[in-house]
Structures are given as C-alpha cells and as structure tokens.
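*Asks:* what's the 3D shape of this:
(2 chains)
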2 protein chains.
Amino acid sequence: MTGCLTIAGLGPGSPDQITPAVEQAIAAATDVVGYIPYVARIAPRDELVLHPSDNRVEADRARHALDMAAAGRRVLVVSSGDPGVFAMAAAVYEVLETDPARWQDVDITVLPGVTAMLAAAARVGAPLGHDFCVINLSDNLKPWALIEQRLQLALQADFAMAFYNPRSKSRPEGFEKTMQILKSCGEGKRPVIFARAVSTPDESTPPAPPKKRGRFKVIKKRR
Amino acid sequence: MTGCLTIAGLGPGSPDQITPAVEQAIAAATDVVGYIPYVARIAPRDELVLHPSDNRVEADRARHALDMAAAGRRVLVVSSGDPGVFAMAAAVYEVLETDPARWQDVDITVLPGVTAMLAAAARVGAPLGHDFCVINLSDNLKPWALIEQRLQLALQADFAMAFYNPRSKSRPEGFEKTMQILKSCGEGKRPVIFARAVSTPDESTPPAPPKKRGRFKVIKKRR
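*Replies:* Okay, here's the model as predicted:
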C-alpha cells in the first residue's frame, strides 16, 4: 500500500494564520517531518509520530518522508510560511528527481501558506504593492557573487525587495555587503524593515515607517 | 466614535485557504468593501453591509472605506490572495497620504493571505524555490517600457518570475511581448505555467510539467 506525502506551509507563526486546508492535513497525518522548531508547532496526539530534524539536512529529511509515504504512511512535511518559498517543496522534488521510479506511486500534494514576507509587509503598510523580488541571502546553496549580481540588477530594475535568511553566525558578511549595496543608491532612499517571528509572541518589527508603497525592503530573519 | 479598517486577503479562492484571522475579521465587520467578485465571496448576513464596486476605482473605494471607518464603522476591505500584492493595501495607504489628518484616528490592520502565485506554484511542484521576482504585467499604472526593462533585468538575474494580470481585452500586446522576451533566452529554456482561479471549481492549470525548481514562470490570470 502506498501512502501520501503532503508538503504544507504553517504560515508565519500564529495559529490564526494557518489555513484550514493545512489544519486538515495535520489532522489526517500519521507522521510529521520537518525542522525542529516547525515540528514543535504541531500538537502531539496519540498515533501521530513526530520526526523533527536539524537544519541543513533537507535532502535526508525529504528522502525519509518519501520513503515513509511509499511504505503506506500519510506523511506531512511542514515548513514555516509557504513550503514553496525557500523551503521544503524544492527539497522534496529535487530528491524525487534523483530516483523517480522509487517513489513513483507516492501521491504528493503541496499546500500553500502565508509566507513571511507577506506577514511582515502587512505590519507596515504595503511595501510589496509594487513589482518586487525575493532573494535568499544565504550563500549555502549558491555563490555569493550570484547574490550580489542579483542585488545589483534588482536595484537597476527598481524592484521592492524581500530578503530571507539575511544573516547567520556562520555568515555575517553577506548581510553587511547587502546593506552597502542598498545604500549605494543614496542614503535613506530605500527604507529597510527588519521583521522577526511576525505574528508570534517573539515578534520584532520596527515602529511603522512612513506608509508608502514600493522601494521598501522587507528582511525576514530566520526564526 | 472612530471605527477601524481591516484590509484582508481572501486567498486564491477556496474557503479552506482563508486564514482564521481573516474569518474572524469577516465575522466582526459591519461593512465589506471591494471589487465585485471578491465581495461576492462574503456570505451575506443581517447587519452586514456589502459594498461591491467595479474594477479600476481603487482610490474611490479606499476613500469610501476610510470615511466609513472614521464615522465609526468596522470596515473590511477585501482583496483576492494577499492584500499587499498588487491589491488594496497600497490603494488605501496612497489615499491616506493625500489627507492624513482626515483619517488620523482610524485604526488600520492588514491581514495577509495566500497570494495567487503561491497557490499556483503549489500545484506544479516548487517553481519559486529559487530567487524570484513578481511583476504586474498591467500597464495601467506604469509605462510598458518600465515593465520591459524589468523583464530584461530579471532574465539577466536568472530570477524565476511570477506575473500577475498578464492580459486583458484592452491590452493584449504586453502579454505577447512578454512571451517574446522570455523566448529570447532560448526556446524551451524557461517553461511557462498558466494558472487561473486556482483552488476554485473554475481552476485551470496545466498537466504538471517536469518537476524542477527554478526558472519557471508562473502566470496568474486575473479572475
């Protein structure tokens, strides 16, 4: 018997930002797989097996989830925000492509969620009400030079910009370089908003800036 | 007495993609304001006044909503998807800036939703799992030349791309030009996904394409 795999977004953090479609998938699951703090958002119950795992093991986690589904379990992979934005949907499909025959009978569904930039933007007005781009500032999976090139082209295009994973202890430099690039078009010309854990008790967002649309950056710190 | 104004996203179309936070705001409202098909998604009830209005009157609609809130009503402005992405949040803040004193006591909240590109992406894998940009192809509010420049820069940056409002009867040319620009980097190099009314009974999305991440375009037709 083949089970199913659902890849779901838990939204920015508050329970009232989780869609009913995702709540139903949580209720139907036999197994929940994901990064430790995201699995911690799932209420334990009898006969639900939680499989939290550490950061940076996305491919292993995806393979484990696919294998459990192939063995007949109803597996839920959880991401914060939306699973398609710098999150687990890409990891699952990348692993799937390495051996499509092995998991060919697994039924896969992706359930969208409110990604962090939308929750952060909502706190301060309408900073993304204008053409925008979304860049993952982590250089774990791509060279920094590519990120820098994208930043320069995005400035030329006058996109509003949303950044995910702006800084970590192991890579503080990229964030500073990003700030320098943004300042290069004129001090104060591109207001920057920092948002963390929006909609949770740990939320930090700044006092609301002048409420204008366009040209903002929304920076989402990884929780 | 001053009321309040909530600007909420109804998600892509299905009731099970509306967040509980938005459902609570619907339940608390005295007045609902928005584009006709979006207001039609709100169940009528006693003492709830629905104010549907036509397309292209966003500023009038925003002013009306702000004035009702200033007069003590609990006003809900509804958008499809997320209100911050090419939707009513920008219109409300733009109108607010024209006369801040008039509405200074109105308490404004923006509630995010699942924007169309996330719902469309979820149907086909993880096309936005890579740095991406989001462009409104309507040239009602900006010159076509600016859109074209952004498309060219986005190609140079190798962004995945999501397009909103790709075509209307009054402006068929922009869509054709966009397809030409995308083809300029090589036939078949950048697969394009068309999605319409995702999660509703009128949904049209294509058979799932090869499930790869990156380089996709997601095009969301206005419903």
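*Asks:* quick one: contacts for A:A69?
*Replies:* Applying Cβ atoms under 8 Å, 6 or more residues apart in numbering or on different chains to A:A69 gives the contacts A:2-5, A:75, A:103, A:106-108. All C-beta atoms are positioned from the backbone trio N, CA, C, and that covers glycine.
*Asks:* Run through chain A and note the low-pLDDT ranges.
*Replies:* A:1, A:206-223 (pLDDT under 70).
*Asks:* Now restrict the contacts of A:A69 to buried residues only.
*Replies:* A:3-5, A:75, A:103, A:106, A:108 (16 or more other Cβ atoms under 10 Å in any protein chain shown).
*Asks:* show me where chain A has helices.
*Replies:* Along chain A, counting by DSSP state H, helices occupy A:20-28, A:36-39, A:58-70, A:88-98, A:116-124, A:144-156, A:173-183.
*Asks:* Restrict the fifth one to CA atoms and write it as CSV.
*Replies:* If I follow you right, that is helix A:116-124. Extracted C-alpha coordinates of helix A:116-124, given in CSV (Å, rounded to 0.1, in the frame of the first residue of the first chain):
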residue,chain,number,x,y,z
ALA,A,116,6.9,35.5,6.0
MET,A,117,7.4,38.5,3.6
LEU,A,118,3.6,38.9,3.3
ALA,A,119,3.1,38.8,7.1
ALA,A,120,6.0,41.3,7.6
ALA,A,121,4.7,43.6,4.8
ALA,A,122,1.2,43.6,6.4
ARG,A,123,2.7,45.0,9.6
VAL,A,124,4.0,48.2,8.0
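*Asks:* who's in contact with A:A25?
*Replies:* A:A25 touches A:6, A:8, A:76, A:109, A:111, counting by Cβ under 8 Å, 6+ apart.
*Asks:* Skipping its backbone neighbours, what lies nearest the third one in space?
*Replies:* Put plainly, it is A:L76. A:A29 (3.9 Å; Cβ to Cβ, 6 or more residues apart in numbering or on different chains).
*Asks:* Look at that neighbour and say how many residues are nearby.
*Replies:* Close neighbours of A:A29, defined as other Cβ atoms under 10 Å in any protein chain shown, add up to 25.
*Asks:* Same check on A:G72?
*Replies:* 12.
*Asks:* Likewise for A:V192?
*Replies:* 16.
*Asks:* Am I right that it is in contact with A:I181?
*Replies:* No - counting by Cβ atoms under 8 Å, A:V192 does not reach A:I181; the two are 11.6 Å apart.
*Asks:* Give the residues shared as contacts by these two.
*Replies:* Counting by Cβ under 8 Å, 6+ apart, A:V192 and A:I181 have no contacts in common.
*Asks:* and A:V32, how far is that from chain B?
*Replies:* Going from A:V32 to chain B by Cβ to the nearest Cβ, to the nearest Å gives 18 Å.
*Asks:* Might one say that A:A40 is in contact with A:P52?
*Replies:* Yes - using Cβ under 8 Å, A:A40 is in contact with A:P52, at 7.0 Å.
*Asks:* Counting neighbours, go ahead and name the busier of the two.
*Replies:* A:P52 (16 against 12).
*Asks:* Need the distance between the two termini of stretch A:36-54.
*Replies:* Taking Cα to Cα, to the nearest Å, stretch A:36-54 runs 6 Å from one end to the other.
*Asks:* neighbouring contacts of it?
*Replies:* By Cβ under 8 Å, 6+ apart, stretch A:36-54 touches A:10, A:13, A:26, A:29-35, A:55, A:60-61, A:64, A:78-80, A:223.
*Asks:* Give me the neighbour count for A:R171.
*Replies:* 15.
*Asks:* Please report how far A:G84 lies from chain B.
*Replies:* 5 Å.
*Asks:* contacting residues around that residue?
*Replies:* Applying Cβ under 8 Å, 6+ apart to A:G84 gives the contacts A:9, A:90, A:110, A:112, B:118, B:121-122, B:126-129.
*Asks:* Can you add distance to A:N165 and give those residues back as JSON lines?
*Replies:* Output for the contacts of A:G84, formatted as JSON lines (distance: Cβ to Cβ, whole Å):
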{"residue": "A:G9", "distance to A:N165": "16"}
{"residue": "A:A90", "distance to A:N165": "14"}
{"residue": "A:V110", "distance to A:N165": "21"}
{"residue": "A:P112", "distance to A:N165": "20"}
{"residue": "B:L118", "distance to A:N165": "18"}
{"residue": "B:A121", "distance to A:N165": "19"}
{"residue": "B:A122", "distance to A:N165": "21"}
{"residue": "B:A126", "distance to A:N165": "17"}
{"residue": "B:P127", "distance to A:N165": "19"}
{"residue": "B:L128", "distance to A:N165": "15"}
{"residue": "B:G129", "distance to A:N165": "13"}
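*Asks:* closest to A:L155 among the residues you listed?
*Replies:* Within the contacts of A:G84, proximity to A:L155 (Cβ to Cβ) peaks at B:L128, which comes in at 21.2 Å.
*Asks:* wait, the closest one sits on A:V85?
*Replies:* Yes - counting by Cβ under 8 Å, B:L128 does reach A:V85; the two are 5.9 Å apart.
*Asks:* Mutual contacts of those two, please.
*Replies:* Contacts common to B:L128 and A:V85, judged by Cβ under 8 Å, 6+ apart, are A:134, B:118.
*Asks:* The closest residue to A:A162 other than its chain neighbours and B:V134, how far apart?
*Replies:* Nearest non-adjacent residue to A:A162, counting by Cβ to Cβ, 6+ apart: A:M117, 3.8 Å away. Going from A:M117 to B:V134 by Cβ to Cβ, to the nearest Å gives 10 Å.
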